[in-house]
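Engineer: Structure for the following, please:
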Amino acid sequence: MKTFIALLLSLMIQPALAEQSVETDNYVIHYNAFNSTIVAPEVAQRHGLTRSRFTAMLNVAVFEKQTDGSEKAVPAVLTGKVANLMQQTQQLQFKPIKEGTALYYIGSFTFGNEEIMHLTLDVQPDPNKPAKTIRFTQKFYTD
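Structural biologist: Sure thing, here's the model as predicted:
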């Protein structure tokens, strides 16, 4: 498990992987998408994740802002979809991965080499407030 957390943390700090974040009044949502082959085979197997040169993963972590300036990982309801330039759409299903105080959500989708994908993600950490919609476009490459 520690290997998986270390992998996710390294993904969030590598600029080449285009980690991004969105802030609301009370939350910070970190997200990034990457080719699944960078996940070690034993880590993928342990968490039931599919590794393939034609499969990408979307990693999402939601943090609540604390009064002392720190952030605390919190659960959220996530939905999303991904579409290519021909508007072929895939719905994203997110798998929560929790270890200690860390909580991440992983969704996966397939792509072709050099395919540009449009991702739409709805994140709702507070069930009493509307979801935050995040949209981004990224080009994916097979290894």
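Engineer: Which residue is the nearest non-sequential neighbour of Glu66?
Structural biologist: No Glu there; residue 66 is Gln. Counting by Cβ to Cβ, 6 or more residues apart in numbering, the nearest residue to Gln66 once its immediate chain neighbours are dropped is Lys72, at 5.7 Å. Using the backbone N, CA and C atoms, a C-beta is placed for each residue, glycine as well.
Engineer: Tell me what the one you found is bridged to.
Structural biologist: Per DSSP bridges, the residues bridged to Lys72 are Glu64.
Engineer: doesn't Glu64 make contact with it?
Structural biologist: Yes - with contact taken as Cβ atoms under 8 Å, Lys72 and Glu64 are classed as touching, separated by 5.1 Å.
Engineer: More neighbours: which of the two?
Structural biologist: Each of Lys72 and Glu64 had its neighbours counted (other Cβ atoms under 10 Å), and the higher figure belongs to Glu64 (15 against 11).
Engineer: I'd like the distance from the most centrally placed residue in the chain to Leu78, if you could.
Structural biologist: With the centre of the chain defined as its mean C-alpha position, the nearest residue by Cα atoms, centre = their mean is Asn59, 1.7 Å away. With distances defined as Cβ to Cβ, to the nearest Å, the gap from Asn59 to Leu78 amounts to 11 Å.
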